[in-house]
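*Asks:* quick one: sequence plus predicted model below, questions after.
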Amino acid sequence: MQNLVQQAADILAHARRLVILTGAGISKESGIPTFREAQQGLWAQHDPQRLATLQGFLANPTLVWDWYQFRLRLVEQAQPNAGHRAIAALEQRLPDVEVITQNVDGLHGQAGSRRVLELHGNIRRFKCLRGHGNLTMADLAGQASAPPLCPHPGCKAKVRPDVVWFGENLDYRVLQQAAADSEACDVMLIVGTSGVVQPAASLPYQAWKSRARIIEVNPEKSELSDIAHVHLSGPAGELLPRVLAVIGDR
Ligand code: OAD
């Protein structure tokens, strides 16, 4: 494995433009369950089609609101782990690093990463059904109803998490930026994603078509493993600091 760590470090150390695509796996070691791993996955207790969809919210707003409040509490108790911190450190060591994450937990920003594209939104941010955005729990304080109503004068529309639900489009500007950056990078590091959800799962193929070198960190094989030049099989919290340590010696 050390040889693969060395190979990954050699590729990353020479990256002119590094894009790091992350998924739920990088937050697992912060205590946040992933989506598709059996037993403990977030979906294990619930049917996503009932909860993480606009239809589900409209049919049962309190159930969906309460489930996201449960997930928000998990996120608020979580701390960035050594994998998040290693990624933030790479941004300091290398000339051009951007994180593109599918996660909604905000842990990359908390770890110190400054350039983060959140493809699927952020569970700490809220918006109302009429589009009034950038609401936080502080803006909703004092409302007993679940879900709360929009605090904008005269609005009163139901408030929902500002995350992408199944069947919804991603923010076009964010996706356009992510696609352009994936096409322009010369190295892509893929950490902790099964690579099954679109359009995020297409970004590595943009990099691959542009002849970028691709490194994957995941204890398992994923849908993206076939295009990875180096696959580091193990937890991100252990392997990313090892890669960083090798880079750091240069
Ligand atoms: P998944 O749960 O589909 O995949 C998590 C991946 O992380 C798996 O491949 C695991 O093998 C891997 N993994 C587990 N522990 C790890 C560790 N310690 N270090 C590194 N990798 C580890 O989660 P995502 O691929 O992120 O979409 O799921 C993508 C999207 O599906 C989510 O963003 C969400 C969901 O529907 C929306 O919410 C829109």
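*Replies:* That came in fine, so what should we check first?
*Asks:* middle-most residue in this protein, spatially?
*Replies:* For the chain, Asn103 is the residue whose C-alpha lies nearest the centre (C-alpha atoms, centre = their mean; 2.3 Å).
*Asks:* what number of residues lie near the nearest residue to that one once chain neighbours are set aside?
*Replies:* What sits nearest to Asn103 in space, not counting adjacent residues and going by C-beta to C-beta, 6 or more residues apart in numbering, is Ser27, at 5.6 Å. Just so you know, the C-beta spots here come from the backbone N, C-alpha and C atoms, and that holds for glycine as well. Neighbour count of Ser27, defined by other C-beta atoms under 10 Å: 29.
*Asks:* secondary structure class of Ser27, three-state.
*Replies:* Under the three-state scheme (DSSP: H, G, I helix; E, B strand; the rest coil), Ser27 adopts helix.
*Asks:* what's the answer for Val99, then?
*Replies:* With three-state DSSP as the criterion, Val99 reads strand.
*Asks:* how many residues are close by it?
*Replies:* 27.
*Asks:* what sits against it?
*Replies:* Val19, Ile20, Thr22, Ile87, Glu91, His108, Ser113, Arg115, Val116, Leu117 (C-beta atoms under 8 Å, 6 or more residues apart in numbering).
*Asks:* ok, Ser27 to Val104 distance?
*Replies:* 10 Å (C-beta to C-beta, to the nearest Å).
*Asks:* list the residues that contact Ile87.
*Replies:* Ile87 touches Ile20, Thr22, Ile26, Val99, His108, Ala111, Ser113, Val191, Leu240, counting by C-beta under 8 Å, 6+ apart.
*Asks:* is it true that it lies in a helix?
*Replies:* Yes - using three-state DSSP, the assignment for Ile87 is a helix.
*Asks:* for stretch 51-68, buried residues please.
*Replies:* For stretch 51-68, a neighbour-count test (16 or more other C-beta atoms under 10 Å) marks Leu51, Ala52, Thr53, Gly56, Phe57, Pro61, Val64, Trp65, Trp67, Tyr68 as buried.
*Asks:* tell me the gap between stretch 52-71 and the middle of its chain.
*Replies:* 20 Å (C-alpha atoms, centre = their mean, to the nearest Å).
*Asks:* then that stretch to CSV, C-alphas only?
*Replies:* This file holds the C-alpha atoms of stretch 52-71, laid out as CSV (Å, rounded to 0.1, in the frame of the first residue of the first chain):
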residue,chain,number,x,y,z
ALA,A,52,-35.8,13.4,0.2
THR,A,53,-38.3,14.6,-2.5
LEU,A,54,-40.4,17.7,-2.9
GLN,A,55,-43.4,15.4,-3.3
GLY,A,56,-42.6,13.8,0.0
PHE,A,57,-42.2,17.1,1.7
LEU,A,58,-45.5,18.4,0.3
ALA,A,59,-47.3,15.2,1.3
ASN,A,60,-45.8,15.1,4.8
PRO,A,61,-43.9,18.3,5.6
THR,A,62,-43.6,17.6,9.4
LEU,A,63,-42.1,14.1,8.8
VAL,A,64,-39.5,15.4,6.3
TRP,A,65,-38.7,18.5,8.4
ASP,A,66,-38.2,16.3,11.5
TRP,A,67,-35.9,13.8,9.6
TYR,A,68,-33.7,16.7,8.4
GLN,A,69,-33.6,18.2,11.8
PHE,A,70,-32.4,14.7,13.0
ARG,A,71,-29.7,14.8,10.3
